[in-house]
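J.: no sequence on this one, just coordinates:
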């Protein structure tokens, strides 16, 4: 009877251990998702934001990207390879256009086609209010490629999926 | 007394195995039916007015397009982003056909189409373009807005999810 109790206790400890490892040790998928969360935090803007926070956020956004990142968003007139600094500047000017901005990501589908490369298909929703008071609410499907460089997942390609081609 | 018992039994049934099996079967059926076959959705936007009003509720019936090709003038739901964001549009041309707008009139292969569902004035002009293989050309019924603000164009057939139930 005592033996069975010990076995049950051991099984319970193993199960708890597996759950703890699964939830608390970040898998590669979680690390990739974290980059999107950081991008979301970088884009987030409230009307009370000061210049220091703005500069810090621009820098943070830039740090999430590879030295050169391929952007394909014909509807936003963005197409080609952009340097990290250019992306940072572009993000800054876009954020300056809005008084309030929020970017959220949903429906993550992550695959690892090769080592240190992650391909992510997801839904992005951008909501906000321009400084002129216009409301913005855009939802798009994105295809992103992230590369693991020096143990950090960095955005190396972002494409806005063109569902309807005029 | 018997009626009272029946009413009580209806609202507060005893948790017998039979009841639990019945309740889980209904829940499973509802999950599969409303999750995969007949998906409820709300209409946001005015691009299909007056046929479908902003704020309306409908169901996307998937079996219709699962076993047959979308036909001209069919209203279909097109998967726009993830699995939840869909566009409600009308098929106006199929693969291989040439689409064109002249002073608001829709021309397919050079022939002007009679579109009874278009009730509002339209002045669009769009040079001719051919619909690619495995695609259909979809447009909203409300063309009383600048062409740039209206989501329309060629969509891959694989993105068509179903048709609205009514």
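T.: Alright, I've got the coordinates. The model shown is predicted, which means the values in this text are computed figures rather than measured ones. Numbers count the residues shown, from 1 in each chain, chains lettered A, B, ... in the order given.

J.: What values do phi and psi take at residue A:130?
T.: phi -70, psi 170 (degrees, to the nearest 10).

J.: beta partners for it?
T.: Applying DSSP bridges to residue A:130 gives these bridge partners: residue A:98.

J.: what does the one 5 residues further on give?
T.: In this structure, residue A:135 bridges to residue A:129 when assessed by DSSP bridges.

J.: Please tell me I have it right and it contacts residue A:129.
T.: Yes. Using C-beta atoms under 8 Å, residue A:135 makes contact with residue A:129 at a distance of 5.8 Å. C-betas here are computed from N, CA, C, even on glycine.

J.: of those two, who's got more company?
T.: Taking neighbours as other C-beta atoms under 10 Å in any protein chain shown, residue A:135 and residue A:129 compare with residue A:129 leading, 17 against 9.

J.: which residues touch that one?
T.: A:98-100, A:135-136 (C-beta atoms under 8 Å, 6 or more residues apart in numbering or on different chains).

J.: do residue A:98 as well
T.: A:45, A:128-131, A:136.

J.: PyMOL command for the buried members of those residues?
T.: Restricted to buried positions by 16 or more other C-beta atoms under 10 Å in any protein chain shown, the PyMOL selection for those reads:
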select buried, chain A and resi 45+128+129
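
J.: and the strand ranked longest in chain B, which strands flank it?
T.: Determined from DSSP state E, the single longest strand within chain B is strand B:85-93. Paired strands of strand B:85-93, with direction, are strand B:75-81 (antiparallel), strand B:135-139 (antiparallel) (DSSP bridges).

J.: so which of the ones you listed comes closest to residue B:165?
T.: strand B:75-81 (10.6 Å; C-beta to C-beta).

J.: And the contacts of the lowest-mean-pLDDT helix or strand in chain B?
T.: The helix or strand with the lowest mean pLDDT-type score in chain B, counting by mean pLDDT, DSSP states H and E, is helix B:2-11 (a mean of 84). Applying C-beta under 8 Å, 6+ apart, the set of residues contacting helix B:2-11 from outside is empty.

J.: could you point out which element follows it?
T.: helix B:17-32 (DSSP states H and E).

J.: pLDDT on that next one, on average?
T.: What helix B:17-32 shows for mean pLDDT is 95.

J.: May I ask you to name the longest helix in chain A?
T.: Longest helix in chain A by number of residues, with DSSP state H as the criterion: helix A:2-24.

J.: now that helix: mean pLDDT?
T.: 83.

J.: So which residue is dead centre in the chain?
T.: Using chain A. residue A:36 (1.2 Å; C-alpha atoms, centre = their mean).

J.: wrong one, I was asking about chain B
T.: Mean-position check on chain B, C-alpha atoms, centre = their mean. Result residue B:77 at 3.1 Å.

J.: So which bits of chain A are right by chain B?
T.: By C-beta under 8 Å from any C-beta of the partner chain, the residues of chain A that approach chain B are A:106-107, A:122-124, A:139-141, A:161, A:163-166.

J.: ok, now with 10 Å
T.: A:75, A:105-109, A:121-125, A:137, A:139-142, A:160-166 (C-beta under 10 Å from any C-beta of the partner chain).

J.: just to revisit the earlier point, what comes up buried for the longest helix of chain A?
T.: Of the residues in helix A:2-24, none is buried (16+ other C-beta under 10 Å).

J.: And the next helix or strand past it?
T.: Using DSSP H and E, the helix or strand that directly follows helix A:2-24 along the chain is helix A:28-43.

J.: Quick check: next helix or strand after that next one?
T.: With elements assigned by DSSP H and E, the helix or strand that comes after helix A:28-43 is helix A:51-63.

J.: Summarise which helices and strands that next one is packed against.
T.: helix A:28-43, helix A:84-97, strand A:152-160 (3 or more C-beta pairs under 10 Å, 6 or more residues apart in numbering or on different chains; DSSP states H and E).
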